[in-house]
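In: 3D model of this:
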Amino acid sequence: MSGAAPPPDPPRRLPPAPPSAPAPPPGRVRVGTCSWADKTMVAAWYPKGVTSAEARLRYYAERFDTVEVDSSYYGLPSERNSELWAERTPPGFTFHIKAFAMLTRHAVRPNQLPPGLRSAYDLEVDKYGRVIHPPDELRETVFEWFSSALTPLREAGKLGLILLQFPPYFVADPRNRDYIVRAARLLAPDPVAVEFRHASWVAGEELPRTLALLSDNDLTYVCVDEPRLDSPTVLPPLAAVTAPAAYVRFHGRNSSTWNARVETAAERFRYLYTEDELGEWVEPITTMAAEADTTYVMFNNCYGDYAPRNANQLSGLLHLDLTTPAAE
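Out: The predicted structure is shown next:
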């Protein structure tokens, strides 16, 4: 590290408080979407009178009892936003938080970091303006800032899993296995879900090694539904339970945009599942629910109303009641 001043201390992180609502009964399946504020979703799904950020979250929480926050991938979350999310949702509602890009070894630009951190380090950037070789001390400080910002959700009993979605170049090797364990320890005591985007993690003899790594460290394997492509960036639709919480993410099956350059994530995941395609997951999800305390099923095809529409369809196939919040 170098620079004119030492890095600022992160906001104070309080110890976890008891949840505000009882835990869901074992075997419960909870379905939601991977965003509630995507621009195309806002335009297509919410009624005309639902125009504010508060109104949209309240509307969403009347229809689903869990959601993913994806904005936290692009910039560190703030404690104030966590407070507002907790205030605007009913008891038992659960937020899963996608980890900030630097925590999962993705490239970030200096302006994605808080000013206090930017000024405390001489950041090395590549020709595209992305930070390269961030010091370990900086990365660990970013972990602290990230965790601290979630304190209000944690205290309200509304914090679910931290989603570590690793990049396609994060391949199965000893160094990366060690990093997963280290990242989970830095996020403790919050539960962690791990999503791989390179097929080496589940290929041949590597699959049992990967599942054992996650199981031994109480980390949730993120099951995925993705395009049916012969590509190292596509994982097969495995159903596995490696921790008390199971997790499934539906990314859509849009083969034409999966590895293409697109302007928005919504374009990449622009895919509406058919009922038959959703039906392929009824048996695996039912089996997972019998093993896990809670199984979360999250739709990331957040283009227009596709994600909430498919979430409702799958809930019907699973005979779930989405009209009652989790804290029944």
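In: alpha carbons only for contacts and neighbour counts from here, please
Out: Will do.
In: from residue 243, how far off is the residue nearest to residue 271 when sequence neighbours are not counted?
Out: In this structure, residue 271 finds its nearest non-sequential neighbour in residue 252, 5.1 Å apart by CA to CA, 6 or more residues apart in numbering. Distance, residue 252 to residue 243, using CA to CA, to the nearest Å: 25 Å.
In: need the per-residue pLDDT for residue 114.
Out: What the model reports for residue 114 is a pLDDT of 90.
In: in contact with it, which residues?
Out: residue 76 (CA atoms under 8 Å, 6 or more residues apart in numbering).
In: ok so residue 277 is a helix residue?
Out: Yes. Under DSSP: H, G, I helix; E, B strand; the rest coil, residue 277 falls within a helix.
In: now do it against residue 184, distance only.
Out: 33 Å.
In: for residue 88, which non-adjacent residue is spatially closest?
Out: Ranked by CA to CA, 6+ apart and with sequence neighbours excluded, the top spatial neighbour of residue 88 is residue 58, at 5.9 Å.
In: tell me the first helix or strand C-terminal of the strand or helix carrying that neighbour.
Out: Following DSSP states H and E, the helix or strand that holds residue 58 is helix 53-61. Under the assignment DSSP H and E, the closest C-terminal helix or strand after helix 53-61 is strand 66-69.
In: what's next to that next one, contact-wise?
Out: When contacts are taken as CA under 8 Å, 6+ apart, the neighbours of strand 66-69 outside the stretch itself are 30-36, 93-98, 298.
In: can you check stretch 42-62 too?
Out: If you take CA under 8 Å, 6+ apart as the criterion, stretch 42-62 is touched by 36-37, 85, 88-90, 93, 304-305, 323, 325.
In: switch to 7 Å and redo it
Out: Contact partners of stretch 42-62, identified using CA atoms under 7 Å, 6 or more residues apart in numbering, comprise 36, 88-89, 304-305.
In: how about CSV for these, with neighbour count and pLDDT added?
Out: Written out in CSV, the entries for those read as follows (neighbours: other CA atoms under 10 Å; pLDDT from 0 to 100):
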residue, neighbour count, pLDDT
36, 24, 97
88, 17, 98
89, 22, 98
304, 21, 94
305, 17, 96
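In: what sits closest to residue 269 if chain neighbours are left out?
Out: For residue 269, the spatially nearest residue (CA to CA, 6+ apart) is residue 301, at 4.8 Å.
In: can you tell me how far the one you found sits from residue 225?
Out: Distance from residue 301 to residue 225, counting by CA to CA: 11 Å.
In: now swap in residue 168 and tell me
Out: 16 Å.
In: could you check which of these two is surrounded by more residues?
Out: For residue 168 against residue 225, the residue with the higher neighbour count under other CA atoms under 10 Å is residue 225, and the figures read 21 against 15.
In: please identify the buried residues of the helix holding residue 58?
Out: Of the residues in helix 53-61, those buried under the neighbour-count criterion (16 or more other CA atoms under 10 Å) are 56-61.
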